[in-house]
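Colleague: Build the 3D model from these lines:
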Amino acid sequence: MASAALSMSPCARCLLVPPAFQHTFAPLRYEGLVAGLFQRYKDQHQRRAGRLLGLLMQRELTPLCKAWLSLHPEAVVILVPADERRQKLRGHDPLSGLYKLLEKTVRKHPQKVARLRDDASSHDDQRLRGRRGRLKAQRGRYDIIGPLPASVMLIDDVMTSGATLDSLALACRQAGAREVVACVLARTPLSTAAATLEG
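Modeller: Numbers count the residues shown, from 1 in each chain. Next up is the predicted model:
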């Protein structure tokens, strides 16, 4: 966004269909060199690309996470659970690898309380779906083990349509959370997402 004031204003899409999370922290745009780094790390498992992304995550998200967590000391941090099938195909868990450096500065260990349900739709590549298809496919895909505190921070690497984070946030709210925020390293620009996902 062009300013801090604008960054606190909901976009038209969120006003029309409010997500289950209250805020999204997304310092980088998922395009150009950043998108290329993610593709080389996640799909080709290039360690140097992962190291650079990890350092970017540490640098960009540490101030945001520390500031929010200082106001919510009882909050838990939850990493978006990896799809086991995709993780086996890739040979690694990209998000856990990226979070290691951020964890050192934020000093908040992620809670392994979220579980991804295994169903037929989970085996489809979400990148091939439009936004409505993603929202439908992700709905009800997560279970939360045990009750949660009032505040929860969700961590993911990239946000495209927001369907994954919305589904997980909804599960968190059903487990007792009243405030859920999402924190990602990069987000697909809304104009790009609309053009590619709605087409």
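Colleague: ranges for the strands of this structure?
Modeller: Per DSSP state E, the chain carries strands over the ranges 23-25, 28-29, 76-79, 114-116, 142-144, 151-159, 179-187.
Colleague: Kindly list the longest helix within the protein.
Modeller: helix 47-71 (DSSP state H).
Colleague: quick one: contacts of that helix?
Modeller: With contact meaning Cβ atoms under 8 Å, 6 or more residues apart in numbering, helix 47-71 is reached by 25, 27-28, 37-38, 40-41, 75, 77, 94, 97-102, 104-106, 108, 153, 157, 181, 183, 185. All C-beta spots, glycine's among them, are computed from the backbone N, C-alpha and C.
Colleague: Any of those residues buried? List them.
Modeller: Using 16 or more other Cβ atoms under 10 Å as the burial test, the contacts of helix 47-71 include 25, 27-28, 37-38, 40-41, 75, 77, 94, 97-99, 101-102, 106, 108, 153, 157, 181, 183, 185 as buried.
Colleague: distance of the closest residue to Val80 other than its chain neighbours from Pro147?
Modeller: Nearest residue to Val80, sequence neighbours excluded (Cβ to Cβ, 6 or more residues apart in numbering): Asp156, at 4.4 Å. Plainly put, Asp156 is 23 Å away from Pro147 if you go by Cβ to Cβ, to the nearest Å.
Colleague: who has more neighbours, those two?
Modeller: Asp156 (23 against 9; other Cβ atoms under 10 Å).
Colleague: Dig out what that one forms beta bridges with.
Modeller: Val184 (DSSP bridges).
Colleague: residues touching it, list them.
Modeller: So Asp156 contacts Leu79, Val80, Leu95, Thr164, Leu165, Ala182, Cys183, Val184 (Cβ under 8 Å, 6+ apart).
Colleague: what's the distance between the fifth one and Ala186?
Modeller: To tie it back to what came earlier, the one meant is Leu165. 13 Å.
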